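Enquirer: need coordinates for the following:
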Amino acid sequence: MAAEYVQSDQFRGARIHLCELAGLEIRDCEVSGLKIVDCYGSDVYLGGAFERVVVNDIDVTAYVEAELDRQQPTRVLARDATSPDDYRAAWDAIEGLWEATLERARRLPEAKLHEQVDGEWSFVETHRHLLFASDAWLGNAVLEEESPYHPLGFPAGGMPPDEAAKLGLTLEATPTLDDILALRFTRMATMRRVVDGLTEAELDRICGRKPADPYPDQEYVVRRCLKVILKEEAEHHRYAVRDLAVLEADA
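Expert: Predicted coordinates:
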């Protein structure tokens, strides 16, 4: 079994030289300043939020972002939303994306929707994560609900299991797609109600809570919280469609 290192800083500033790193996976890590120099191999994959990426002395950041925007116009709507109308337009697009994608996913056997592709979240786990994102950033931060977190929510991979347990999350649960969608549709309807009633004043309102205890103690404004939901929905839809193609091919 491959070695696993979790929540360790032992590699910060390290120099790895003349080592065998084939198959190495780095996930949910801070990698600012990471350098891979004079290395060789095939099928090198990078995925995440990078401010600047240079490959063989060529800055490819703008190219990658432009190509992602071309393939997924909704991510542009989510990222660039500023006015209440912008937020409504982005949510309109997100609702349309998921409607079509869920219809496509339902053509697959239920078991396929629980399969992980290349170690990524399954289709069901993706919706569990989006459930948590809505509960944290909308239910808790924006609406200050009394009990915002549903146990079936799935936090980001960087949240320690004990912190997830404090929020009442049951990570080991195995709900069906319909179990999760019933909850997701309720949250999406709430988001629809919120964006339909948005004003500039509401967008600039400072929230009384942060999304969850593990998040930094800082100021959270409604526009930022809602934008996180928009971007989460757009990005995870992209991942879901990518992996659905693999599942369909296997089926």
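Enquirer: now the stretch 1-150 of the chain, which segments are flagged as low pLDDT?
Expert: 1 (pLDDT under 70).
Enquirer: can you give me the helices for it?
Expert: For the stretch 1-150 of the chain, the helices defined by DSSP state H, counting those that start in this stretch occupy 61-71, 73-80, 84-105, 123-134.
Enquirer: which parts of the very next helix or strand once past the last one are buried?
Expert: Under the assignment DSSP states H and E, the closest C-terminal helix or strand after helix 123-134 is helix 161-166. Applying a neighbour-count criterion of 16 or more other Cβ atoms under 10 Å, the buried positions in helix 161-166 are Ala164. For glycine as for every other residue, the C-beta is placed from the backbone atoms N, C-alpha and C.
Enquirer: now for helix 161-166, which elements pack on it?
Expert: Helices and strands touching helix 161-166, by 3 or more Cβ pairs under 8 Å, 6 or more residues apart in numbering; DSSP states H and E: there are none.
Enquirer: quick check: mean pLDDT across that helix?
Expert: Averaging pLDDT along helix 161-166 yields 90.
Enquirer: angle of the host helix or strand of Leu226 against helix 61-71?
Expert: Element membership for Leu226, per DSSP H and E: helix 222-250. Between the axis of helix 222-250 and that of helix 61-71 there is an angle of 70 degrees, by axes from the mean of the first three to the mean of the last three Cα atoms, to 10 degrees.
Enquirer: out of the helices of the stretch 1-150 of the chain, which is closest to Val53?
Expert: Judged by Cβ to Cβ, the one of those that comes nearest to Val53 is helix 61-71, at 5.1 Å.
Enquirer: return the distance of the closest one from the chain's centre.
Expert: Taking Cα atoms, centre = their mean, to the nearest Å, one finds helix 61-71 lying 18 Å from the centre of the chain it belongs to.
Enquirer: do stretch 117-131 as well
Expert: Averaging C-alpha positions (Cα atoms, centre = their mean) puts stretch 117-131 9 Å from its chain's average.
Enquirer: could you do stretch 197-215 as well?
Expert: The answer for stretch 197-215 is 19 Å, by Cα atoms, centre = their mean.
Enquirer: give me the contact list for that stretch.
Expert: Residues from elsewhere that reach stretch 197-215, judged by Cβ atoms under 8 Å, 6 or more residues apart in numbering: 83-84, 87-88, 136-137, 140-142, 144, 149, 155, 159-160, 163, 166-167, 216-223, 225-226, 228.
Enquirer: hmm, back to that, tell me which of the helices of the stretch 1-150 of the chain sits most buried.
Expert: Sort the helices of the stretch 1-150 of the chain by mean neighbour count, taking mean count of other Cβ atoms under 10 Å, and helix 123-134 sits at the top with a mean of 23.
Enquirer: ok and that helix relative to helix 222-250, angle-wise?
Expert: Using the same axes, to 10 degrees: helix 123-134 against helix 222-250 is 180 degrees.
Enquirer: okay, now Thr170: neighbour count?
Expert: 14 (other Cβ atoms under 10 Å).
Enquirer: what does the model give it for pLDDT?
Expert: 95.
Enquirer: residue contacts, the nearest residue in space to it that is not next to it in sequence?
Expert: Nearest in space to Thr170, with sequence neighbours left out and distances taken as Cβ to Cβ, 6 or more residues apart in numbering, is Pro151 at 4.4 Å. The contact partners of Pro151, by Cβ under 8 Å, 6+ apart, come to Gly168, Leu169, Thr170, Ala173.
Enquirer: neighbour-wise, which of the residues you listed leads?
Expert: Most crowded among these, counting by other Cβ under 10 Å, is Leu169 at 23 neighbours.
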